[in-house]
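Enquirer: model this:
(chains A and B)
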Amino acid sequence: MAEFQAPKGVPEYFPPRSSAFLAVREALAHPARCAGYGYIELPVFEDTSLFVRGVGESTDVVSKEMYTFLDRGGRSLSLRPEGTAGVMRSIVENRLDKGALPVKLWYAGPFFRAERPQHGRYRQLQQVGLEAVGSDDPALDAEVIAVADEAYRRLGLSAYRLDLTSLGCAECRPAYREQLMAFLERCDLDAATRERAASNPLRVLDDKRESVQAQLVDVPVMVDALCEACSTHYDAVREFLRDASVEWSEAPRLVRGLDYYTRTTFEFTHEMLGAQSGIGGGGRYDGLMESLGGASLSGIGFGLGTDRTLLACEAEGLDVAADGLVDVFVVPIGPAARRVAVGVATQLRGAGIRVDMAYGDRGLKGSMKAADRSGAPLVVVIGDDEVQSSSAQIKNMADGAQETVTLESLVADVGARLSQKGTL
RNA sequence: GUGGGUGUAGCUCAGCUGGUAGAGCGCCGCGUUGUGGUCGCGGAUGCCGCGGGUUCAAGUCCCGUCACUCACCCCA
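Expert: Now for the predicted structure:
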């Protein structure tokens, strides 16, 4: 065992898998940029109270999964467990809400939850997310969902599903909540579940245990208790989703772990990931900004799990990072050639071509082996003969064909061959 | 936080009822003079997770510990 180990539950990505990680993150962010979302870079820690107020004191995320510490001034800070609260804070603090609405922002980076690690559940997790604040147009709900769906589709994923429901609003949810609590009162539940039913009854709905689900067959659901406004809103969202050709399943018992959600709520799950199947989710949060001291603006957003999406791609056998690391591999034979090779590699790199070369004195055979492993489609070979004649050999690794070109035209010749292959 | 499983070469793993370690892949080299991928030959690499105990003897049994892993809980 190595003397030092990464903290428990923290995934690390290094070659070759890190290429796939980057590709996934890029694929998740791309649709957001295509839809007019601007990038926001946020602190990874905030005042603890921001999360307590924003995410909700009764949530597991805040009550037992935060990394909280005191700074030297005695302030309580926490590593961010999710992204929305921080985005809201920044919008209010920087007066973004005074500008054009809706404010549309995307972000990416690490989040932290002190949970027991599991396949796809990490203490440092990567997410790509977005928020759209300042409009309750149901078309915006549909846009956010369609953007997430496009992100997964773009990667080639197919074994996933979208669950959708509406959680109502401050008008209709309290009454439903009463109704639900009354129903749960009559159920036979263990102490822990009973406690949850009292503090956050909705969360009992997605309890996985058979013993609990069996009692919930006739449980009242929120979608049947929506007020006029919420019902109209939800109908419109679904219509727009049809217009956007997004497929979903009605999930009246869908519950999310964060308290701020209202109205439209959704979750993407992948069927090949085991217990940690959620690959992304989000929803509307109409009262959040106001509760954080901002204007009374509604908002909607999502968070997509980068780690889990990568796992999903791997489970489906998708080759996300089809591209190799380099385009050209330079092989010098002998010390004189090495000096030429260093210059050649630098020139090629200056032209934007990705180049690696053979280091150490491993001989031509070994160098060619290294060239092969690098995955470069082209190899530039330089020996004493080439040094004498100021030339180089360009070898095409796919068919073994080799041609002599002058050093002056090398960069252009390599460029031409690469663009012919479509690698540039 | 609760329960189950596993920890042996870089990787995947084999080591039966205790006798001081193996395979495949990978890696390095060779198969003559300047060319990779196939094939053949050769080679290097292990505090058998860590600590303790039983024993003449422990990778193999017992206890502890750490790590990883699966599930619950929760969520991305």
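
Enquirer: wait, residue A:12 sits on residue A:6?
Expert: Yes - proximity of residue A:12 to residue A:6 meets the contact threshold set by CB atoms under 8 Å, at 5.8 Å. To be clear about C-beta, it is placed using only N, CA and C from the backbone, and glycine gets the same treatment.

Enquirer: quick one: pLDDT of the closest residue to RNA strand B within the stretch 1-150 of chain A?
Expert: Using CB to the nearest atom of the strand, the closest approach of the stretch 1-150 of chain A to RNA strand B is made by residue A:119 at 2.4 Å. Looking at residue A:119, its pLDDT is 86.

Enquirer: could you find the closest non-adjacent residue to it?
Expert: In space, and not counting its chain neighbours, residue A:119 is closest to residue A:274: 5.4 Å by CB to CB, 6 or more residues apart in numbering.

Enquirer: can you check residue A:124 too?
Expert: Here the residue nearest residue A:124, using CB to CB, 6+ apart, is residue A:10, at 4.5 Å.

Enquirer: in contact with the one you found, which residues?
Expert: A:122, A:123, A:124 (CB atoms under 8 Å, 6 or more residues apart in numbering).

Enquirer: the stretch 51-200 of chain A: helices as residue ranges?
Expert: Assigned by DSSP state H, counting those that start in this stretch, the helices in the stretch 51-200 of chain A fall at A:60-64, A:84-93, A:138-155, A:173-185, A:191-199.

Enquirer: run a quick neighbour tally on the residue nearest to residue A:119.
Expert: 13 (other CB atoms under 10 Å).

Enquirer: what does the stretch 151-300 of chain A put close to RNA strand B?
Expert: A:196, A:203, A:206-209, A:255-258, A:267-268, A:274-281 (CB under 7 Å from any atom of the strand).

Enquirer: among those, which ones are buried?
Expert: A:196, A:203, A:206-207, A:255-258, A:267-268, A:276-281 (16 or more other CB atoms under 10 Å).

Enquirer: name the nearest of those relative to RNA strand B.
Expert: Nearest to RNA strand B out of those is residue A:257 (CB to the nearest atom of the strand; 1.3 Å).

Enquirer: which residues are in contact with the closest one?
Expert: So residue A:257 contacts A:59, A:60, A:61, A:203 (CB under 8 Å, 6+ apart).

Enquirer: my reading is that it lies in a strand. Confirm?
Expert: No - Residue A:257 sits outside any strand when classified using DSSP: H, G, I helix; E, B strand; the rest coil, being coil.

Enquirer: next, give phi and psi for the residue of the stretch 1-150 of chain A closest to RNA strand B.
Expert: Torsion angles at residue A:119 (phi, psi; degrees, to the nearest 10) stand at phi -60, psi 120.

Enquirer: let me see the contact set for it.
Expert: Residue A:119 sits next to A:273, A:274, A:275, A:276, A:311 when contact means CB under 8 Å, 6+ apart.

Enquirer: residue A:269 versus that one, what's the distance?
Expert: Distance of residue A:119 to residue A:269, given as CB to CB, to the nearest Å: 14 Å.

Enquirer: ok, now residue A:398?
Expert: Taking CB to CB, one finds residue A:398 at 41 Å from residue A:269.

Enquirer: tell me the secondary structure for residue A:420?
Expert: With three-state DSSP as the basis, residue A:420 sits in helix.

Enquirer: pLDDT score assigned to it?
Expert: As predicted, residue A:420 sits at a pLDDT of 84.

Enquirer: where's it relative to RNA strand B, distance?
Expert: Counting by CB to the nearest atom of the strand, to the nearest Å, the gap from residue A:420 to RNA strand B is 17 Å.

Enquirer: check what pLDDT residue A:164 gets.
Expert: 96.

Enquirer: same check on the one 5 residues further on?
Expert: We have a pLDDT of 92 for residue A:169.

Enquirer: next, count neighbours for it.
Expert: Neighbours of residue A:169 (other CB under 10 Å): 20.

Enquirer: the one 4 residues further on too?
Expert: Using other CB under 10 Å, residue A:173 has 20 neighbouring residues.

Enquirer: also the one 5 residues further on?
Expert: When counting by other CB under 10 Å, one arrives at 11 neighbours for residue A:178.

Enquirer: distance of it from residue A:261?
Expert: For residue A:178, the distance to residue A:261 (CB to CB) stands at 19 Å.

Enquirer: same question for residue A:207.
Expert: On the measure of CB to CB, residue A:207 and residue A:261 end up 18 Å apart.

Enquirer: again, but for residue A:212
Expert: For residue A:212 relative to residue A:261 (CB to CB), the value is 22 Å.

Enquirer: compare those two (neighbour count), which wins?
Expert: Counted by other CB under 10 Å, residue A:212 and residue A:261 do not tie: residue A:261 has more neighbours, with 26 against 18.

Enquirer: now do the same contact list for the more buried one.
Expert: Residue A:261 sits next to A:167, A:283, A:284, A:285 when contact means CB under 8 Å, 6+ apart.

Enquirer: next one: whichever strand or helix holds the second one to chain centre, how far?
Expert: For residue A:283, the element it lies in under DSSP states H and E is strand A:278-284. On the basis of CA atoms, centre = their mean, to the nearest Å, strand A:278-284 sits 11 Å off its chain's mean C-alpha point.

Enquirer: okay, now residue A:389: neighbour count?
Expert: Using other CB under 10 Å, residue A:389 has 11 neighbouring residues.

Enquirer: just residue A:405 next, same as before
Expert: Neighbours of residue A:405 (other CB under 10 Å): 18.

Enquirer: what about it, which SS state?
Expert: Here residue A:405 takes the strand state, with states given by three-state DSSP.

Enquirer: any idea of the pLDDT on the closest residue to it other than its chain neighbours?
Expert: Excluding its sequence neighbours, the residue lying closest to residue A:405 (CB to CB, 6+ apart) is residue A:413, at 4.6 Å. At residue A:413, the model reports a pLDDT of 96.

Enquirer: contact partners for residue A:114?
Expert: Going by CB under 8 Å, 6+ apart, the list of residues near residue A:114 reads A:64, A:65, A:66, A:67, A:123.

Enquirer: tell me which of those is nearest to residue A:85?
Expert: Nearest to residue A:85 among the contacts of residue A:114: residue A:66, at 11.5 Å, using CB to CB.
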